[in-house]
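> take this sequence and fold it.
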Amino acid sequence: MKQILENAAKAHASRANRNYVEARFIRKIEQFRNDEVRLVMRDRLESHPIQSLNWAEYPYAPKVNFRIAHSDDALAVMYEVEERHVRAVTLEENGPVWEDSCVELFIANPKGEGYFNFEINCVGTLLAAFRQSRTDAEHFSEEKLSKIRRFGSIPHDVIDSRGEGQRWWMVVIVPFSVLGLERAPESLRLNLYKCGDKCDDMHFLSWNPIKLEQPNFHCPEFFGEAILG
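Numbers count the residues shown, from 1 in each chain. Have a look, this model is predicted:
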């Protein structure tokens, strides 16, 4: 009994600085048409802000929210963004999408060490990899990239648009199979981000706060948690 109480106390302490979010179950959402996915996620799911400004030298904060769901076979996230400079130059997969108007999803390996990162610019170009660190990465093959479904409000073409209150959205659907799972787990450790390294106002926002001196999203120790209900 003493050991059980100690383990529970440690678990509570380790979660004290984490955000939690509930990913709602929507059966077979990965099989819905694009317009159906967007409507269901917009109308049935709670919106959560990505608003942690972790580094004072980068004060610009576009308005960013996400909605999250899952089926037996996939995790679905919809990002909704409002910002001043909408930029996308990278059209080639696994390119430097973080330099563009970019949203990101990092997921801790549910079966051991390491983590997966999925980075998508505003026109749907994807970078995906399994990593041990920021520099130790195994990028997804073309075949594996094709399993990650993504679609949004902006066509897949170069864009460089400025003006207050520009809005766009992006949906990414990640099969659990690419995480090495046969079906949905009870929970996932993750973090969600918005960045734009070469936008007019460079910015680095996270959902779960990051307590580091310099901008760095590759830090699983600061991931939050999604409960898959």
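> tell me where the chain has strands.
Remark: strands assigned in the chain by DSSP state E are 20-25, 48-49, 52-53, 63-70, 74-88, 102-108, 115-121, 126-131, 137-139, 149-152, 159-175, 187-195, 204-206, 224-228.
> relative to residue 212, which of those is closest?
Nearest to residue 212, of all the strands of the chain, is strand 204-206, at 10.5 Å by CB to CB. C-beta: built from backbone N, CA, C; applies to glycine.
> name the helices or strands packed onto that closest one?
Under the contact definition 3 or more CB pairs under 8 Å, 6 or more residues apart in numbering; DSSP states H and E, strand 204-206 sits against strand 52-53, strand 187-195.
> can I get those strands in CSV including mean pLDDT, mean neighbour count and distance to residue 35?
Output for the helices and strands packed on strand 204-206, formatted as CSV (pLDDT from 0 to 100; neighbours: other CB atoms under 10 Å; distance: least, CB to CB, whole Å):
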stretch, mean pLDDT, mean neighbour count, distance to residue 35
strand 52-53, 97, 16, 31
strand 187-195, 98, 23, 23
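> which among these is found nearest to residue 96?
Nearest to residue 96 among the helices and strands packed on strand 204-206 is strand 187-195 (11.3 Å), distances taken as CB to CB.
> how far out from the middle of the chain is the closest one?
5 Å (CA atoms, centre = their mean, to the nearest Å).
> got any ranges where the protein has weak pLDDT?
1-18 (pLDDT under 70).
> returning to what we had before: export the strands of the chain to TSV and tack on distance to residue 33?
Output for the strands of the chain, formatted as TSV (distance: least, CB to CB, whole Å):
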stretch	distance to residue 33
strand 20-25	19
strand 48-49	24
strand 52-53	34
strand 63-70	15
strand 74-88	13
strand 102-108	22
strand 115-121	19
strand 126-131	20
strand 137-139	29
strand 149-152	10
strand 159-175	12
strand 187-195	24
strand 204-206	30
strand 224-228	23
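> isn't residue 195 right up against residue 206?
No - using CB atoms under 8 Å, residue 195 is not in contact with residue 206, being 9.2 Å away.
> what touches both of those two?
Common contacts of residue 195 and residue 206 (CB atoms under 8 Å, 6 or more residues apart in numbering): residue 217.
> run through the bridge partners of the nearest residue to residue 217 once chain neighbours are set aside.
Spatial nearest neighbour of residue 217, excluding adjacent residues (CB to CB, 6 or more residues apart in numbering): residue 193 at 5.2 Å. For residue 193, the beta-bridge partners under DSSP bridges are residue 104, residue 206.
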